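Chemist: fold the following.
(2 chains)
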Protein chains: 2
Amino acid sequence: MDNAPKKYVYFFGDGGADGSVAMKNLLGGKGANLAEMTNIGIRVPPGFTISTEACKYYYANDGAYPDGLYDEIAKNLARLELITEKGFGDAKNPLLLSVRSGAVFSMPGMMDTVLNIGLNDKSAAAIIKETGNERFVYDSYRRFVQMFGNVVLGMEHSKFEQILETKKKHRNTELDTDLDSNDLKDLVSKYKELILTDTGIEFPTAPREQLKMTINAVFGSWNTNRAITYRNLNNISHDLGTAVNVQTMVFGNRGNDSGTGVCFTRDVATGANKFYGEYLMNAQGEDVVAGIRTPHTFSQLKNEIPKIYEELEAVRDRLEKHYREVQDVEFTIESGKLYILQTRGAKRTIQAGVKIVVDFVDEGLIDRDTAVLRVNPNRVDQLLHKRVDPEAAVNVIANGLPASPGAAVGRAIFSSQRALQCAERGENVVLVRLETSPDDVGGMHASQGILTARGGMTSHAAIVGRGMGRCCIVGCNDINVDITANRFTAGDIVVNEGDYITLNVSGDTGEVILGKTDLIDPEMTGDFKTVMGWATDAKKLGVRTNADTVYDSQVARDFGAEGIGLCRTEHMFFGVDRLPIVQQMILAENEESRKNYLEKLRPMQKEDFTRIFKVMKDLPVTIRLLDPPLHEFLPKTEDAVKETATSMNIGVDELKNIIQSLHETNPMLGHRGCRLGITHPEIYEMQVQAIFEAAAELARDGHRVIPEVMIPLVGHVNELKFTKKRLIKTAEEVMKRYGTEIEYLFGTMIEIPRAAVTADEIAEEAEFFSFGTNDLTQMTFGFSRDDIGKFLPLYLESGILESDPFVTIDQGGVGKLVEIGVLKGRSTKPDLKIGICGEHGGNPASVEFCHRTGLDYVSCSPFRVTAAILAAAHAAIKEKNGDGRS
Amino acid sequence: MDNAPKKYVYFFGDGGADGSVAMKNLLGGKGANLAEMTNIGIRVPPGFTISTEACKYYYANDGAYPDGLYDEIAKNLARLELITEKGFGDAKNPLLLSVRSGAVFSMPGMMDTVLNIGLNDKSAAAIIKETGNERFVYDSYRRFVQMFGNVVLGMEHSKFEQILETKKKHRNTELDTDLDSNDLKDLVSKYKELILTDTGIEFPTAPREQLKMTINAVFGSWNTNRAITYRNLNNISHDLGTAVNVQTMVFGNRGNDSGTGVCFTRDVATGANKFYGEYLMNAQGEDVVAGIRTPHTFSQLKNEIPKIYEELEAVRDRLEKHYREVQDVEFTIESGKLYILQTRGAKRTIQAGVKIVVDFVDEGLIDRDTAVLRVNPNRVDQLLHKRVDPEAAVNVIANGLPASPGAAVGRAIFSSQRALQCAERGENVVLVRLETSPDDVGGMHASQGILTARGGMTSHAAIVGRGMGRCCIVGCNDINVDITANRFTAGDIVVNEGDYITLNVSGDTGEVILGKTDLIDPEMTGDFKTVMGWATDAKKLGVRTNADTVYDSQVARDFGAEGIGLCRTEHMFFGVDRLPIVQQMILAENEESRKNYLEKLRPMQKEDFTRIFKVMKDLPVTIRLLDPPLHEFLPKTEDAVKETATSMNIGVDELKNIIQSLHETNPMLGHRGCRLGITHPEIYEMQVQAIFEAAAELARDGHRVIPEVMIPLVGHVNELKFTKKRLIKTAEEVMKRYGTEIEYLFGTMIEIPRAAVTADEIAEEAEFFSFGTNDLTQMTFGFSRDDIGKFLPLYLESGILESDPFVTIDQGGVGKLVEIGVLKGRSTKPDLKIGICGEHGGNPASVEFCHRTGLDYVSCSPFRVTAAILAAAHAAIKEKNGDGRS
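Modeler: Just a heads-up that it's a prediction; the model follows:
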């Protein structure tokens, strides 16, 4: 057996298949499912799959095929000829094939398909003879030549379309279907001429040559720019390779009793347990997906061809029970006979996903852990979609299909390129297109919302928009988009590029609103609440929030936050009523004067803390003492300096001198955090006094308040020792004065590399650690977050970095320091409470890392709390299932 | 024995001692040597030492004495009374005592002394009766009261001096010696009144009370500000405590056959093997040390009292042979009888130190390793003292005593406080004082040189100036210093505060020169060369230099550098002939244009490298590719922007826009190092081309050239991989073109914390590491070196940090990362070459760390090469001797 040649080709058809769905890595998603469907008795056009191993070999060997692959293909082709009773290249009864790529992870619209392989003048004549349908044959033929030119030879699609448009104009029609067989025959020869003049290559007439070139093209398409971009956007490895599915053609365009369509076993927008599909008669699959002709719904199908509809319902039932997952199915009806071309897990809105898993648990198809694992934490924040304020007065100028829910406000931009540029300037953008294509993926990602005039709920824009969680309206026939003039009209209203519009998509409506509209925040209810309950039960890691306002605290608590992990007190210093006092304090000439201004701030800080403590009753609140350098509170612009000088009654030059004296070359590494607390101890003393006064007053009224005082930017244990000593004294004085005892902790941020490597020493003085991974990332990499824009994009593009380390924690470097910090910290204080409060606290990949590293909690912004809870649940469940990495 | 009370008091006298020199930690330096001298038969006034353990107990127990200490003191006092046949507090034959502090490390002038304890009206009368010398007794009495008030009760010295001055004025004299016994008696009562009014304390008449208060004061003096400052400056632990030496008084002021003096067993300025001392007749020790009366030399002593001189010569011989070290000896002649009061290792200039150890080796007193260990690497750079250029035209306005060699140019400043301020502004300062006191230590340290009008070669200014390696002239009678007017005159020349002067001290001359003078650099010759040869033989660590000019390279090679560890190429970009081209390159609108300007720079860079390679023939030269952000090369000020815009023929606003677009919030963490090399690969390519072209041409001419190309600021292995790939290709192209093979390495700086923790990965791509501990310290601490001034002084003062981490490597934090980097790096590449090129490479404490950590070499600035070699030798010898920490 060991000497047997490696198997690269897997047959399916004739009642059984070499492969199964378990062989997804080898056969790709499409191929594995074709095999599986064949095995469970669903009618699939027979064929074979060339494995991803062949593709990997191809890339590792400069485009060479592995030994024996040609033979294997030939053998499987022979078997196909046998069971179809046709011959590939046969002049009388020709076999036609489709070739489709099939990667391990579904990549819609990214990989390429070629249909009708095997057509040439001879086989065309044979099929005309067989079917008596000349128009169908030439339509198939011209499609084949066009696809071959586009996909295999890399020619621009539009060049073929131009010829087609000219022909239609000549025939004075707008519909392909109005062209007759002569027109189509003429197109075939014009297309062939175009190929020759454009590429210098004669269109190959030998079917085996056609097939070989197409298989090569599929391998090649794995590394097109748009495929790479998609994989980068979706964190899919570039090493997987694609499989190639070679399948007997069935024709949806064979006549009016033929057709093609797609369906979802449940509603992928809402999750409702209803069969949902679209189809077009006398069409090939690309006509549905491309969104050029607007397809019919299944209610029409049920009425028009009930037999087919019932067959499809049976398929739906069998597939869902078998896969225990909602399926996205492609089918073709050839002369009244139903073939299933593909099934795969259906992409869905997160709303639908949540409803579906709850229903599946109710239906006994899956358990709760599986349900939780199926809700992607990266997408769950979409459940917290904003909506247009129902109270707002809006001017709805058009309605379209509600392809992806939510609401978006932005400038209407008519090209993806400009949408990207505009978004880079920090503007909110709504991308407006006739229809979208894979080239638009980047622009769609950069936009708040997407609006297309054409296409259905399964068009490219709809699928991709949903996947990205972008609010999306498609098939909006109410508008006329003029791409060259960069504007659209809705009735007599003209929206020019740069004008603001609002999209509002919920349930069954997709509204286009003129101008900016106020949006409101979502709540957590229904199925979402159910799933979050399961996740909360499953997780082990605590989840807190970063909040410094009553509003944020309340939102986070409603979402399930178990306390505040980071309350930044400097935000309170920036309040309009405080800033002038803060500035006076900074400019004070001596400690006494500074203390006077601090005394004015104290009641305000106390009030801040009182209000937050009330919301966070019974939960811990970690308060970080003042962190930024003092110069951040002083005016920056010439005008602001003048204004401040006037209001403070000092000279402009004097103020400028003070600002100059506080200027820092590298403020990130400057006089801030505990360094400020050490040189200006009266500031921290005021803050601690305010914290404990607020806590003591509430405690007196019977509230349970748990302040955790956090000293930032500690790099050396002595900084903490020095600072803490004074502050504990202050805290004790307040408690004594009020005659109360507060549960409190003193701890520190670990955000300086030195703190991580000396965490054993620091833990001796700290009751808790909170990893400030924002600053820790800046210092560990030596990256200034403000200045990274000049090289980070290139780093990501060229693969020097896999992901932005400010988004996903850099486990290999920053994570190492976190691990060192945890190990060392617990080596001297085994019960040390450890959390993380950087932006990473709400990033699912990073949350999993925190779980594995043994942290007690993560803390993140309020709207990321649910994502963090889910990610923490995933980590715990995976660990339990033995497929976590810990 | 275990239950025996702890022994705190150690007796010496009567032909033997409880202690010995081996008990220095317990008895302090002075006490241990008093015991040792007693043991080897040198005449020492008998007494006893209270151990440092008692002092530590005193500090640990809020000023309480340990149990039994009072009894021990009483018993030892009784023994003293027995052998001196006198009684402490006896009204007929009273014993008088001195009390001196004695710390483990000699701290000249820092700790306090009280003489003549036991004097009161009764004992004074008894001694007058005994000696018949009323003046002597009252002189001793008024000194005692004054010292007691000053040292024990903390009163200002000047208050007593005022009374003395008034008395002298009243008596119309300037000399203390002109006062008669009645004057002195009157001073005693006036001083007592002053004490009562000033402190509310009655001067204690009971001798035991006097003694107890004095011992307490000595304990207390351990923690005076000036003692703490001295210990901080000299890295002496604050936990050691001081011993207290209680000793029978002998009187140098008993009459004209009495006297006091100090001597050195060799010349501590030059190291010459000649007996050197100074003395004053009819005086107490403080008169010599304070520098108020100018003492006589030993040539006078030899003539005037040959018997005493011969006795002293015998003592000199015995001490040097016994201690195998040059001694600093204090003696008193009482009525013609010689007593040795103290011996200790003599402070000396580094020049003298080097000569002495070479002589000692020649004389067979010590071996070479010991000789090397005795040369302090921290001071060896003083051997590289600058001198006044012999060719320079100078205006010598005064001559003084050559207390500490070298030359200094700076502004004349008349107070230590202002000297400090002035130095903080970056100005060079020469401190000019009548005489210095311990309060001046900070100001002396901040100055380039010190000039005093009064005092001898053993005055405070001379000793401290030598210790600090500051050029110092004392006893400069040619000048009149007016401290209130902040000026001095020399003849009719007036030098006001802020005017420039030059000090020039070498051999026997100390010249004060008007104005700024050109200084020239030293060479390594004679005994120094001998010792450096021994050190070079002993060390294991390689020592390279940081150099980017031919001059620096040559100097460093002459000093023993074994190659270049850091050649910063950016310094070459700043040359006047290059900067405009560099600026054009930065402003270039596309890569092609940028390459054109780089092509203009290439021959210049090539020439730079050629010249350095020639100097460093046969030695490795590590060249760091461009590191700073591009904006550093653009003009900063408004005027410079205008000038550059004009010369570059572009608009001022346009240039400003470009500068603005390159501005960075935290340039330290910005777009520099390999980040620049990745976004602008053409720059590094040009540099590598220049390096290899230079190397290839020299190789063709038979030179051995060893370039090591260093890529800066790598934080992720992929940065190195990406950069190296292109550059190796460039290097290979050049070598192919020239048809030569060069020995070369590609490596990286480890200066980003992330690089240290991922050194295992980076080592797979690097042939060498060089720790850039400057930046590594910045990022590990999160300290911007440019902005640290606002808090670092407080950190050092309050003990949060022990030392400036940019001077001495922070072993606990930054050092941890270095250790991690070395371990991880060698885990994947065992033969990885590892060096260090931060400023720490020349800091002796850091060099020892590098030796222990297993680095291959350190690299430092040329003038620190000798210090690094010596420090490396110390580390190796200590390791061999088993007293290294490794």
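Chemist: contacts and neighbour counts: CA atoms only from here.
Modeler: Noted.
Chemist: phi, psi of residue A:496?
Modeler: Backbone torsions of residue A:496, given as degrees, to the nearest 10, read phi -90, psi 160.
Chemist: dump the residue contacts of it.
Modeler: Neighbour list for residue A:496: A:412, A:486-488 [criterion: Cα atoms under 8 Å, 6 or more residues apart in numbering or on different chains].
Chemist: got it, and residue A:124?
Modeler: Residue A:124 touches A:137-138, A:141, counting by Cα under 8 Å, 6+ apart.
Chemist: kindly recompute the last result at 10 Å.
Modeler: Residues in contact with residue A:124 (Cα atoms under 10 Å, 6 or more residues apart in numbering or on different chains) are A:91-92, A:94, A:118, A:130, A:134, A:136-138, A:140-141.
Chemist: residue A:813 now?
Modeler: Counted by Cα under 10 Å, 6+ apart, residue A:813 has contacts A:777, A:780-781, A:805, A:819, B:715-716, B:753-759.
Chemist: how confident was the prediction at the residue of the stretch 301-450 of chain A found nearest chain B?
Modeler: Of all residues in the stretch 301-450 of chain A, residue A:425 sits closest to chain B, at 14.0 Å by Cα to the nearest Cα. Note on residue A:425: pLDDT of 86.
Chemist: out of the contacts of residue A:496, which is nearest to residue A:541?
Modeler: residue A:412 (42.4 Å; Cα to Cα).
Chemist: mind listing what the helix or strand hosting that closest one pairs with, with the direction of each?
Modeler: In the assignment (DSSP states H and E), residue A:412 maps to strand A:406-413. With DSSP bridges as the test, strand A:406-413 is paired with strand A:429-433 (parallel), strand A:500-506 (antiparallel).
Chemist: who does the next helix or strand after the first one touch, helix- and strand-wise?
Modeler: The one in question is strand A:429-433. With elements assigned by DSSP H and E, the helix or strand that comes after strand A:429-433 is helix A:441-446. If you count contacts as 3 or more Cα pairs under 10 Å, 6 or more residues apart in numbering or on different chains; DSSP states H and E, helix A:441-446 packs onto helix A:225-233, helix A:416-424, strand A:429-433, strand A:449-452, helix A:460-468.
Chemist: residue A:468 reaches residue A:379, doesn't it?
Modeler: Yes. Assessed by Cα atoms under 10 Å, residue A:468 is found in contact with residue A:379 at 8.1 Å.
Chemist: quick one: common contacting residues for the two?
Modeler: residue A:349.
Chemist: looks to me like residue A:848 is in a helix.
Modeler: Yes. Checked against DSSP: H, G, I helix; E, B strand; the rest coil, residue A:848 lies within a helix.
Chemist: how about the nearest residue to it, chain neighbours excluded?
Modeler: residue A:875 (5.3 Å; Cα to Cα, 6 or more residues apart in numbering or on different chains).
Chemist: can you pull the contacts of the one you found?
Modeler: A:373, A:538-541, A:844-845, A:847-852, A:869, A:881, A:883-886.
Chemist: go again with 8 Å.
Modeler: A:539, A:847-848, A:851-852, A:884.
Chemist: quick check, nearest of the residues you listed to chain B?
Modeler: For the contacts of residue A:875, the nearest to chain B is residue A:852 (19.2 Å; Cα to the nearest Cα).
Chemist: how many residues are close by that closest one?
Modeler: 18 (other Cα atoms under 10 Å in any protein chain shown).
Chemist: and after the strand or helix carrying it, which helix or strand comes next?
Modeler: Per DSSP H and E: residue A:852 is located in helix A:844-853. Per DSSP H and E, helix A:844-853 leads on to strand A:857-860 as the next helix or strand towards the C-terminus.
Chemist: for residue A:263, which non-adjacent residue is spatially closest?
Modeler: Residue A:263 sits nearest to residue A:277 (Cα to Cα, 6+ apart), 3.7 Å away.
Chemist: for chain B, what is the nearest residue in the stretch 1-150 of chain A?
Modeler: When scored by Cα to the nearest Cα, the stretch 1-150 of chain A has residue A:60 as its residue closest to chain B, at 19.9 Å.
Chemist: nearest spatial neighbour of the residue in chain A positioned nearest to chain B, skipping sequence neighbours?
Modeler: Nearest to chain B, among the residues of chain A, is residue A:666, at 4.4 Å (Cα to the nearest Cα). Spatial nearest neighbour of residue A:666, excluding adjacent residues (Cα to Cα, 6+ apart): residue B:666 at 4.4 Å.
Chemist: is there a neighbour count for the one you found? I'd like the number.
Modeler: 22.
Chemist: do the same with residue A:215
Modeler: Residue A:215: 24 neighbours (other Cα under 10 Å).
Chemist: now residue A:776
Modeler: Neighbours around residue A:776, by other Cα under 10 Å: 30.
Chemist: relative to helix B:773-781, how tilted is the helix or strand harbouring it?
Modeler: Secondary-structure assignment from DSSP H and E places residue A:776 in helix A:773-781. For helix A:773-781 against helix B:773-781, the angle by axes from the mean of the first three to the mean of the last three Cα atoms, to 10 degrees is 170 degrees.
Chemist: helix A:773-781 packs against which elements?
Modeler: helix A:753-757, helix A:814-828, helix B:753-757, helix B:773-781 (3 or more Cα pairs under 8 Å, 6 or more residues apart in numbering or on different chains; DSSP states H and E).
Chemist: distance to residue B:300 and mean pLDDT added to those, as TSV?
Modeler: Output for these, formatted as TSV (distance: least, Cα to Cα, whole Å; pLDDT from 0 to 100):
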stretch	distance to residue B:300	mean pLDDT
helix A:753-757	62	98
helix A:814-828	67	98
helix B:753-757	65	98
helix B:773-781	55	96
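Chemist: now tabulate those helices in CSV and tack on distance to residue A:430.
Modeler: What follows is the helices and strands packed on helix A:773-781, written out as CSV (distance: least, Cα to Cα, whole Å):
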stretch, distance to residue A:430
helix A:753-757, 42
helix A:814-828, 36
helix B:753-757, 39
helix B:773-781, 41
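Chemist: for the ones you listed, which one sits closest to residue B:348?
Modeler: helix B:773-781 (32.8 Å).
Chemist: residue A:868 touches residue A:847, doesn't it?
Modeler: Yes. The criterion here is Cα atoms under 8 Å, and residue A:868 meets it with residue A:847 at 6.5 Å.
Chemist: any residues in contact with both of the two?
Modeler: Joint contacts of residue A:868 and residue A:847 (Cα under 8 Å, 6+ apart) are A:841, A:858.
Chemist: okay, these two: which has more neighbours?
Modeler: Using other Cα under 10 Å as the criterion, residue A:868 and residue A:847 rank with residue A:868 on top: 35 against 31.
Chemist: using the three-state scheme, assign the more buried one.
Modeler: helix.
Chemist: skipping adjacent residues, who's closest to it in space?
Modeler: Nearest to residue A:868 is residue A:842, by Cα to Cα, 6+ apart, at 5.1 Å.
Chemist: quick one, phi psi at residue A:622?
Modeler: phi -90, psi 120.
Chemist: and residue A:280, how far is that from residue A:68?
Modeler: 41 Å (Cα to Cα, to the nearest Å).
Chemist: now stretch A:261-279: buried residues?
Modeler: A:261-272, A:275-279 (16 or more other Cα atoms under 10 Å in any protein chain shown).
Chemist: actually stretch A:10-23, not the one I typed
Modeler: A:10-14, A:16-21, A:23.
Chemist: can you list the residues you listed in TSV and add pLDDT, distance to residue A:622 and secondary structure?
Modeler: Output for these, formatted as TSV (pLDDT from 0 to 100; distance: Cα to Cα, whole Å; DSSP: H, G, I helix; E, B strand; the rest coil):
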residue	pLDDT	distance to residue A:622	secondary structure
A:10	97	59	strand
A:11	97	62	strand
A:12	97	61	strand
A:13	95	63	strand
A:14	89	67	coil
A:16	93	62	strand
A:17	96	60	strand
A:18	95	59	coil
A:19	94	56	coil
A:20	94	53	coil
A:21	92	49	helix
A:23	94	49	helix
